[in-house]
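Trainee: the sequence isn't on hand, but the structure is:
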């Protein structure tokens, strides 16, 4: 199982996928906001989203798991 993790601390600005969605490698799955910058996070593997662990507006720390893909 692959885990998409936060690359820096910030707020979850947008969640672009839901559990059960198919994703392609390189597809944006969520966007973080930190220091007024938008940081897109991409799926590093092709698969199906098994779990979205955050909601829009949540605060995450660097390394927190955001989405699981199987």
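Mentor: Arrived safely. Everything numeric in this text was worked out from a predicted model, so none of it was measured. Residues are numbered from 1 along each chain as shown.
Trainee: from residue 16, how far out is the most centrally placed residue in the chain?
Mentor: Centrality entry for the chain: nearest residue to the mean C-alpha point is residue 30, 4.1 Å, by CA atoms, centre = their mean. Relative to residue 16, residue 30 is positioned 6 Å away (CB to CB, to the nearest Å). For glycine as for every other residue, the C-beta is placed from the backbone atoms N, C-alpha and C.
Trainee: next one: residue 67
Mentor: Residue 67 is 10 Å from residue 16, by CB to CB.
Trainee: and for residue 48?
Mentor: Plainly put, residue 48 is 15 Å away from residue 16 if you go by CB to CB.
Trainee: quick one: contacts of the helix or strand where the residue nearest to the centre of the chain lies?
Mentor: Assigned by DSSP states H and E, residue 30 belongs to strand 28-34. The contact list for strand 28-34 (CB atoms under 8 Å, 6 or more residues apart in numbering) reads 4, 6-17, 23, 38-43, 49, 54, 60, 66-67.
Trainee: related to what we said a few turns ago, can you pick out the residue with more neighbours from residue 67 and residue 16?
Mentor: The neighbour comparison of residue 67 against residue 16 (other CB atoms under 10 Å) goes to residue 67, with 25 against 15.
Trainee: just the buried subset of the contacts of strand 28-34, please.
Mentor: Neighbour-count burial (16 or more other CB atoms under 10 Å) applied to those gives 4, 6, 10, 12, 15, 17, 23, 41, 43, 49, 54, 60, 66-67.
Trainee: number of residues surrounding the nearest residue in space to residue 25 that is not next to it in sequence?
Mentor: Spatial nearest neighbour of residue 25, chain neighbours left out: residue 46 (5.0 Å); criterion: CB to CB, 6 or more residues apart in numbering. Number of residues near residue 46 (other CB under 10 Å) recorded here: 13.
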